[in-house]
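Engineer: sequence-free structure coming up:
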(Lines give C-alpha, C1' and ligand atoms only; values in the text may rest on other atoms or scores of the structure.)
Protein backbone atom coordinates (compact mmCIF):
# COMPACT_ATOMS: atom_id res chain seq x y z
CA UNK A 1 0.00 0.00 0.00
CA UNK A 2 2.87 2.34 0.86
CA UNK A 3 4.31 1.94 -2.62
CA UNK A 4 1.00 2.94 -4.22
CA UNK A 5 0.97 6.20 -2.31
CA UNK A 6 4.54 7.00 -3.28
CA UNK A 7 3.93 6.34 -6.96
CA UNK A 8 0.76 8.44 -6.88
CA UNK A 9 2.67 11.27 -5.20
CA UNK A 10 5.45 11.06 -7.76
CA UNK A 11 3.11 11.01 -10.72
CA UNK A 12 0.98 13.91 -9.51
CA UNK A 13 4.12 15.94 -8.76
CA UNK A 14 5.61 15.19 -12.18
CA UNK A 15 2.42 16.08 -14.03
CA UNK A 16 2.08 19.37 -12.15
CA UNK A 17 5.75 20.17 -12.70
CA UNK A 18 5.46 19.54 -16.44
CA UNK A 19 2.29 21.61 -16.50
CA UNK A 20 4.06 24.53 -14.87
CA UNK A 21 7.24 24.15 -16.95
CA UNK A 22 5.99 26.39 -19.73
CA UNK A 23 4.53 29.24 -17.68
CA UNK A 24 7.14 29.47 -14.96
CA UNK A 25 10.07 27.03 -14.73
CA UNK A 26 10.87 28.22 -11.18
CA UNK A 27 7.56 26.97 -9.79
CA UNK A 28 8.08 23.68 -11.67
CA UNK A 29 11.45 23.28 -9.95
CA UNK A 30 9.88 23.99 -6.55
CA UNK A 31 7.16 21.43 -7.24
CA UNK A 32 9.77 18.77 -8.00
CA UNK A 33 11.61 19.72 -4.81
CA UNK A 34 8.48 19.38 -2.70
CA UNK A 35 7.60 16.05 -4.32
CA UNK A 36 11.07 14.74 -3.52
CA UNK A 37 10.80 15.88 0.08
CA UNK A 38 7.34 14.34 0.53
CA UNK A 39 8.49 11.01 -0.90
CA UNK A 40 11.43 11.02 1.50
CA UNK A 41 9.05 11.81 4.35
CA UNK A 42 6.93 8.75 3.53
CA UNK A 43 9.92 6.37 3.45
CA UNK A 44 11.43 7.96 6.56
CA UNK A 45 9.86 5.67 9.18
CA UNK A 46 10.71 2.33 7.50
CA UNK A 47 14.22 3.68 6.91
CA UNK A 48 14.57 4.45 10.63
CA UNK A 49 13.48 0.88 11.42
CA UNK A 50 16.10 -0.57 9.07
CA UNK A 51 18.84 1.64 10.52
CA UNK A 52 18.09 0.61 14.12
CA UNK A 53 18.02 -3.04 13.00
CA UNK A 54 21.43 -2.64 11.34
CA UNK A 55 22.82 -0.90 14.40
CA UNK A 56 21.67 -3.72 16.70
CA UNK A 57 23.13 -6.42 14.47
CA UNK A 58 26.38 -4.45 14.20
CA UNK A 59 26.66 -4.20 17.99
CA UNK A 60 25.71 -7.87 18.46
CA UNK A 61 28.35 -8.94 15.92
CA UNK A 62 30.90 -6.88 17.84
CA UNK A 63 31.71 -4.64 14.88
CA UNK A 64 33.18 -1.36 16.23
CA UNK A 65 30.26 1.02 17.03
CA UNK A 66 32.28 4.00 15.81
CA UNK A 67 32.65 2.56 12.33
CA UNK A 68 28.93 2.00 11.94
CA UNK A 69 28.25 5.63 12.91
CA UNK A 70 30.69 6.73 10.20
CA UNK A 71 28.95 4.51 7.63
CA UNK A 72 25.64 6.08 8.63
CA UNK A 73 27.07 9.59 8.34
CA UNK A 74 28.50 8.89 4.89
CA UNK A 75 25.15 7.49 3.73
CA UNK A 76 23.39 10.63 4.97
CA UNK A 77 25.85 12.89 3.20
CA UNK A 78 25.50 10.82 0.03
CA UNK A 79 21.72 11.07 0.14
CA UNK A 80 21.72 14.84 0.61
CA UNK A 81 24.33 15.37 -2.07
CA UNK A 82 22.34 13.23 -4.48
CA UNK A 83 19.18 15.15 -3.64
CA UNK A 84 20.75 18.56 -4.27
CA UNK A 85 22.77 17.59 -7.33
CA UNK A 86 19.81 15.94 -9.04
CA UNK A 87 17.65 19.02 -8.44
CA UNK A 88 20.27 21.34 -9.89
CA UNK A 89 20.78 19.07 -12.90
CA UNK A 90 17.03 18.85 -13.36
CA UNK A 91 16.81 22.63 -13.52
CA UNK A 92 19.49 22.62 -16.23
CA UNK A 93 22.30 23.95 -14.04
CA UNK A 94 24.77 21.09 -14.59
CA UNK A 95 27.74 23.20 -13.47
CA UNK A 96 26.18 23.81 -10.06
CA UNK A 97 25.23 20.14 -9.82
CA UNK A 98 28.85 19.14 -10.47
CA UNK A 99 30.05 21.50 -7.74
CA UNK A 100 27.52 20.13 -5.27
CA UNK A 101 28.66 16.60 -6.05
CA UNK A 102 32.32 17.58 -5.64
CA UNK A 103 31.58 19.11 -2.25
CA UNK A 104 29.66 16.00 -1.25
CA UNK A 105 32.60 13.77 -2.16
CA UNK A 106 35.01 15.92 -0.17
CA UNK A 107 32.73 15.84 2.89
CA UNK A 108 32.38 12.08 2.59
CA UNK A 109 36.15 11.72 2.45
CA UNK A 110 36.57 13.82 5.58
CA UNK A 111 33.89 11.80 7.36
CA UNK A 112 35.54 8.52 6.39
CA UNK A 113 39.12 9.68 7.12
CA UNK A 114 39.42 7.93 10.53
CA UNK A 115 38.52 4.59 8.95
CA UNK A 116 41.22 5.05 6.30
CA UNK A 117 43.79 5.88 8.97
CA UNK A 118 42.85 2.83 11.04
CA UNK A 119 43.07 0.63 7.96
CA UNK A 120 46.52 1.94 7.06
CA UNK A 121 47.74 1.41 10.62
CA UNK A 122 46.49 -2.17 10.55
CA UNK A 123 48.24 -2.82 7.25
CA UNK A 124 51.47 -1.24 8.54
CA UNK A 125 51.46 -3.54 11.56
CA UNK A 126 50.93 -6.61 9.38
CA UNK A 127 53.93 -5.90 7.18
CA UNK B 1 -1.53 16.96 4.77
CA UNK B 2 0.99 15.66 2.29
CA UNK B 3 -0.32 16.09 -1.18
CA UNK B 4 -2.24 19.31 -0.79
CA UNK B 5 0.93 21.36 -0.46
CA UNK B 6 1.76 20.28 -4.03
CA UNK B 7 -1.71 21.30 -5.18
CA UNK B 8 -1.41 24.63 -3.37
CA UNK B 9 1.87 25.41 -5.10
CA UNK B 10 0.47 24.44 -8.49
CA UNK B 11 -2.58 26.62 -7.84
CA UNK B 12 -0.39 29.61 -6.99
CA UNK B 13 1.68 28.95 -10.10
CA UNK B 14 -1.33 28.80 -12.39
CA UNK B 15 -2.90 31.87 -10.77
CA UNK B 16 0.28 33.85 -11.23
CA UNK B 17 0.58 32.72 -14.84
CA UNK B 18 -3.00 33.80 -15.61
CA UNK B 19 -2.57 37.12 -13.80
CA UNK B 20 0.62 37.61 -15.73
CA UNK B 21 -1.12 37.20 -19.05
CA UNK B 22 -3.98 39.49 -18.03
CA UNK B 23 -1.63 42.24 -16.88
CA UNK B 24 0.52 41.93 -20.00
CA UNK B 25 -2.58 42.21 -22.21
CA UNK B 26 -3.60 45.28 -20.16
CA UNK B 27 -0.27 46.82 -21.02
CA UNK B 28 1.26 46.77 -17.46
CA UNK B 29 4.37 44.64 -17.94
CA UNK B 30 6.13 45.76 -14.74
CA UNK B 31 3.12 44.83 -12.56
CA UNK B 32 3.05 41.46 -14.29
CA UNK B 33 6.67 41.01 -13.30
CA UNK B 34 5.82 42.02 -9.72
CA UNK B 35 3.02 39.47 -9.41
CA UNK B 36 5.28 36.71 -10.71
CA UNK B 37 7.90 37.62 -8.13
CA UNK B 38 5.30 37.79 -5.35
CA UNK B 39 3.94 34.35 -6.25
CA UNK B 40 7.44 32.95 -6.32
CA UNK B 41 8.27 34.39 -2.90
CA UNK B 42 5.13 32.92 -1.34
CA UNK B 43 5.88 29.49 -2.78
CA UNK B 44 9.51 29.76 -1.67
CA UNK B 45 8.39 30.40 1.92
CA UNK B 46 6.34 27.19 1.92
CA UNK B 47 9.09 25.16 0.30
CA UNK B 48 11.75 26.42 2.71
CA UNK B 49 9.78 25.14 5.70
CA UNK B 50 9.66 21.69 4.08
CA UNK B 51 13.36 21.79 3.28
CA UNK B 52 14.21 22.60 6.89
CA UNK B 53 12.09 19.68 8.11
CA UNK B 54 13.89 17.46 5.57
CA UNK B 55 17.30 18.52 6.87
CA UNK B 56 16.19 17.97 10.49
CA UNK B 57 14.91 14.45 9.78
CA UNK B 58 18.05 13.52 7.84
CA UNK B 59 20.20 14.92 10.65
CA UNK B 60 18.46 12.93 13.35
CA UNK B 61 18.17 9.81 11.19
CA UNK B 62 21.82 9.59 10.13
CA UNK B 63 23.33 11.37 13.19
CA UNK B 64 25.04 13.87 10.92
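Structural biologist: Nice, thanks for sending it over. It should be emphasised that the depicted structure is a prediction, and the values quoted were computed from it without experimental measurement.
Engineer: downstream neighbour of the helix ranked longest in chain A in the secondary structure list?
Structural biologist: When chain A is parsed with DSSP state H, its longest helix is helix A:25-60. Per DSSP states H and E, the first helix or strand lying C-terminal to helix A:25-60 is helix A:65-90.
Engineer: now do the buried residues in the very next helix or strand once past that following helix.
Structural biologist: Downstream of helix A:65-90, the first helix or strand assigned by DSSP H and E is helix A:94-126. The neighbour-count check on helix A:94-126 (16 or more other CB atoms under 10 Å in any protein chain shown) flags A:97, A:100-101, A:104, A:107-108, A:111-112 as buried. Backbone N, C-alpha and C define where each C-beta goes, glycine included.
Engineer: what residues does chain A put near chain B?
Structural biologist: Taking CB under 8 Å from any CB of the partner chain as the contact definition, chain A meets chain B at A:9, A:12-13, A:16, A:19-20, A:23-24, A:26-28, A:30-31, A:33-35, A:37-38, A:40-42, A:44, A:47-48, A:51, A:69, A:72-73, A:75-77, A:79-80.
Engineer: thinking again about what came up before, could the buried residues of helix A:94-126 go into JSON lines alongside pLDDT?
Structural biologist: Formatted as JSON lines, the buried residues of helix A:94-126 follow (pLDDT from 0 to 100):
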{"residue": "A:97", "pLDDT": "97"}
{"residue": "A:100", "pLDDT": "97"}
{"residue": "A:101", "pLDDT": "97"}
{"residue": "A:104", "pLDDT": "96"}
{"residue": "A:107", "pLDDT": "96"}
{"residue": "A:108", "pLDDT": "95"}
{"residue": "A:111", "pLDDT": "92"}
{"residue": "A:112", "pLDDT": "92"}
